[in-house]
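# give me coordinates for this.
(2 chains)
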Number of protein chains: 2
Amino acid sequence: MISRSLITLLAVALTSANCFSQAPQTAVLDDFKPSTLNQPGQEYPQVNSQGYARFRIKAPQADSVKVSLGLGGRGGTRLTKGDDGFWTGTTEGPMDEGFHYYHLTVDGGTFNDPGTLNYYGSVRWESGIEIPAHDQDFYALKAVPHGNVQQILFPSKSTNTSRRAYVYTPPGYEKDKSRKYPVLYLQHGWGEDETAWSNQGHANLVMDNLIAEGKIKPFLIVMTYGMTNEVKFGKIREFKIDPFQTVLVDELIPYVDANFRTITNRDNRAMAGLSMGGMETKMITLNKPEVFGYYGLLSGGVYAPDDLKDKAKPKLIFLSCGSKERPDGVQKAAADLKGAGYNAVSYISDKTAHEFQTWRRSLHELAPLLFK
Amino acid sequence: MISRSLITLLAVALTSANCFSQAPQTAVLDDFKPSTLNQPGQEYPQVNSQGYARFRIKAPQADSVKVSLGLGGRGGTRLTKGDDGFWTGTTEGPMDEGFHYYHLTVDGGTFNDPGTLNYYGSVRWESGIEIPAHDQDFYALKAVPHGNVQQILFPSKSTNTSRRAYVYTPPGYEKDKSRKYPVLYLQHGWGEDETAWSNQGHANLVMDNLIAEGKIKPFLIVMTYGMTNEVKFGKIREFKIDPFQTVLVDELIPYVDANFRTITNRDNRAMAGLSMGGMETKMITLNKPEVFGYYGLLSGGVYAPDDLKDKAKPKLIFLSCGSKERPDGVQKAAADLKGAGYNAVSYISDKTAHEFQTWRRSLHELAPLLFK
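Numbering: from 1, shown residues only, chains lettered A, B, ... in the order given. You can find the predicted model right below:
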């Protein structure tokens, strides 16, 4: 049952990975600017106001340079070599708003674009490009009070390691030393790691901005690595939740509660995750309903009323995905849960697929609903 | 005067960048293991017990793949293609212990090794490789209490930006809410950024281990970006300290003092830096002797007694470099300072050059001398 859900999820990920927003247009506007994710001083890649991306790679003796955009290598852009030894090319159409992973194939080898910053996805550090979104203001770096993102190293007996997690603490956390906070445990997707929600997702900036606008009660977010048993993309049936559940529930949560000012009960503890992290959220919340009071699955499957019966009732179930995924399934599941008496909310991200813009928006929608 | 010092410094950096420890040996031992800085699951690059590095890159249609090790492109290793489409090669000799930057040249283009993690150096994210050191225990990740590394975003009116810094807080910082701590402001080198001391330098682990052994009084370390005015490698004469001094002294220090539990006086505030960060330390401590009580230059020049006269006397001057740099200059400067009545200490890192192993060791030597 759980294995089949995971396979379905990954199939959705693959079929919805086409990140082009529409068919090619006739006129490509010549207003290209460097992507905001470029390394300091790098002019390429560039993005125009329609969402086209243009690449430029130096490799004077190469025979072939290709750009692979999105999961599964779809959205490829073949570059052509100029007399100056630079390979250039523009995407066939405008891309979806938001963040996209990509890499280069240079003479048959896989490399990153030396122009951009790297982001961990697909079990490697990939190149990243950002298509400016109409709603990018909610995750922009603004002149508001900023929380911190703390790297912690917590002891894990079950894996015999010191494991890394990141903890977002809201602005003012240091000043009012008596205040205690609820906590959201927030998981990344397959092939990503504990850096994804801050780097790709801007979770800290989403929170800073919501807090500055008075739209949410401040809370902590804890992000750790969820691929404890190194699940391979083709071996998803072998995935077992137990090793990660032990790390999260028996090791990380007690460490966070001992080292941060948290409210240590179910009504002040949420779990959510994207894609594979959503499946982990579903498994762990159903196994440990006494630990978490709020559940969020972002492009990560759904709960059925039957899953929840005879268990402590969650205070909220949040289900979301992009409009280019399977919004009907998410909406139907939320309706079924509501019909069965649960507080369920669905959210569909407009014109986005199984990518981070869907999840930035989902966090922005989820955060105000938590810890009411 | 200051410009000439910087030029001398960079000349030292370039001439001491040969990271090979000795002439080639006759027998290369076949005990290669993956470098500890490889991306998850990556088998290459590898390192053997003598310090040789072996590279393996997939690029079946490429005509040429070269590895450039160290500053200035010295220490190149040309790879040869096998029938399987992989290019392989081993360094001509053993490399120095510790961390080294490198990159690939594939058919004339500059790319990173897809096998390794990336580290910001030379104004780009470079590949990194780690040659196990005989003294690596002092920066190893051990089962001891760990401090946190916090990303902060502080407002900077002078640059009209929110700027990033990292703050190391020692183990126990959260628990004893009344305790206040001294602070070390610690700067990276040219082409690096605020991530260098944690990622390449393991500053947090150096501190965790020293604290666990009871060898130092816990303090905070603050690391921010010191290339405020984007000094170019060939335009070092244009470097002005004022923009960064304003960010550090007028913006970052007040923010840290307002948002962390610090002891806010000169006797509990140190500044140190490596290479260009050492030159910044020298300029700023001489301009603002009332702000900092402890000075550290790590492969970053020296103070002469004349520099310090008629100024508030520092409680400590720490000067260091690698034995492959110019140890005589550092030792003579410390002797001159001692002769003039200053508390000066010199440290020479054995068999290392202008690289991070020198600076890891220097921090390890400096920390116990601070805030006495």
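
# please state the offset of stretch A:218-230 from the chain centre?
How far stretch A:218-230 lies from its chain's middle: 12 Å, per Cα atoms, centre = their mean, to the nearest Å.

# and it, average pLDDT?
Over the span of stretch A:218-230, the pLDDT mean works out to 88.

# for it, C-alpha coordinates in PDB please.
C-alpha atoms of stretch A:218-230 as PDB (Å, rounded to 0.1, in the frame of the first residue of the first chain):
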ATOM      1  CA  PRO A 218       6.200  32.800  15.100                       C
ATOM      2  CA  PHE A 219       7.300  29.100  15.200                       C
ATOM      3  CA  LEU A 220      10.500  27.200  14.700                       C
ATOM      4  CA  ILE A 221      11.100  25.000  11.600                       C
ATOM      5  CA  VAL A 222      13.400  22.000  11.800                       C
ATOM      6  CA  MET A 223      14.800  20.500   8.600                       C
ATOM      7  CA  THR A 224      16.900  17.300   8.600                       C
ATOM      8  CA  TYR A 225      18.000  14.600   6.200                       C
ATOM      9  CA  GLY A 226      15.200  12.100   5.500                       C
ATOM     10  CA  MET A 227      16.900   9.500   3.300                       C
ATOM     11  CA  THR A 228      18.400   7.700   6.300                       C
ATOM     12  CA  ASN A 229      18.500   4.300   4.500                       C
ATOM     13  CA  GLU A 230      19.700   5.700   1.100                       C
END
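
# buried residues in it?
Residues of stretch A:218-230 classed as buried: A:218, A:219, A:220, A:221, A:222, A:223, A:224, A:225, A:226, A:227, A:228 (neighbour count, 16 or more other Cβ atoms under 10 Å in any protein chain shown). Glycine gets a C-beta too; all of them are placed from N, C-alpha and C.

# next one: stretch A:327-340
Residues of stretch A:327-340 classed as buried by neighbour count (16+ other Cβ under 10 Å): A:327, A:329, A:330, A:331, A:333, A:334, A:336, A:337.

# who does the one helix or strand the third one maps to touch, helix- and strand-wise?
Secondary structure assignment for residue A:330, by DSSP states H and E: helix A:327-339. Judged by 3 or more Cβ pairs under 8 Å, 6 or more residues apart in numbering or on different chains; DSSP states H and E, helix A:327-339 is in contact with helix A:305-308, strand A:316-322, strand A:344-349.

# if we can go back for a sec, strands - which of the buried residues of stretch A:218-230 land there?
Taking DSSP state E, the ones among the buried residues of stretch A:218-230 that sit in strands are A:220, A:221, A:222, A:223, A:224.

# and the two most separated of the residues you listed?
Maximum pairwise distance among those (Cβ to Cβ): 12.8 Å, between A:220 and A:224.

# low-confidence ranges in the stretch 201-350 of chain A?
Low-confidence segments of the stretch 201-350 of chain A, defined by pLDDT under 70: A:228-237.

# for it, what lies in contact range of chain B?
A:204, A:230, A:259, A:260, A:261 (Cβ under 8 Å from any Cβ of the partner chain).

# buried residues, stretch A:244-263. List them.
Using 16+ other Cβ under 10 Å as the test for burial, stretch A:244-263 gives A:244-249, A:251-253, A:255-256, A:259-263.

# gap between the two ends of that stretch?
Counting by Cα to Cα, to the nearest Å, you get 23 Å between the two ends of stretch A:244-263.

# contact partners of it?
For stretch A:244-263, the surrounding residues in contact (Cβ atoms under 8 Å, 6 or more residues apart in numbering or on different chains) are A:152, A:154-159, A:163, A:165, A:167, A:169, A:173, A:177, A:179-183, A:185, A:220, A:222, A:224, A:226-229, A:264, A:268-269, A:280, A:283-284, A:287-288, A:291, B:174-175.

# ok, now how distant is the closest residue to chain B within the stretch 201-350 of chain A from residue A:146?
Per Cβ to the nearest Cβ, residue A:259 is where the stretch 201-350 of chain A lies closest to chain B, at 5.3 Å. Distance, residue A:259 to residue A:146, using Cβ to Cβ, to the nearest Å: 21 Å.

# now swap in residue A:45 and tell me
28 Å.

# quick one on the thing from earlier: could you check how far the residue of the stretch 201-350 of chain A closest to chain B is from residue A:171?
Distance from residue A:259 to residue A:171, by Cβ to Cβ: 19 Å.

# make sure residue A:319 is actually in contact with residue A:282.
No. Checked against Cβ atoms under 8 Å, the pair residue A:319 and residue A:282 is beyond contact range at 10.2 Å.

# who has more neighbours out of these two?
residue A:319 (27 against 23; other Cβ atoms under 10 Å in any protein chain shown).

# if the more buried one is in a bridge, with which residues?
Per DSSP bridges, the residues bridged to residue A:319 are residue A:297, residue A:346.

# quick one, strands of the stretch 1-150 of chain A?
Remark: strands assigned in the stretch 1-150 of chain A by DSSP state E, counting those that start in this stretch are A:33-34, A:46-47, A:53-58, A:65-69, A:77-78, A:80-81, A:86-90, A:98-106, A:109-111, A:118-121, A:124-131, A:148-156.

# need these in CSV with mean pLDDT, can you?
Shown next, in CSV, are the strands of the stretch 1-150 of chain A (pLDDT from 0 to 100):
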stretch, mean pLDDT
strand A:33-34, 98
strand A:46-47, 98
strand A:53-58, 97
strand A:65-69, 94
strand A:77-78, 90
strand A:80-81, 97
strand A:86-90, 97
strand A:98-106, 97
strand A:109-111, 97
strand A:118-121, 96
strand A:124-131, 96
strand A:148-156, 97
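
# and residue A:298, which of those is closest to it?
Between residue A:298 and the strands of the stretch 1-150 of chain A, the tightest spacing by Cβ to Cβ is seen for strand A:98-106, at 13.8 Å.

# from residue A:279, how far off is residue A:220?
From residue A:220 to residue A:279 the distance is 23 Å (Cβ to Cβ).

# I'm done for today, thanks for sticking with me.
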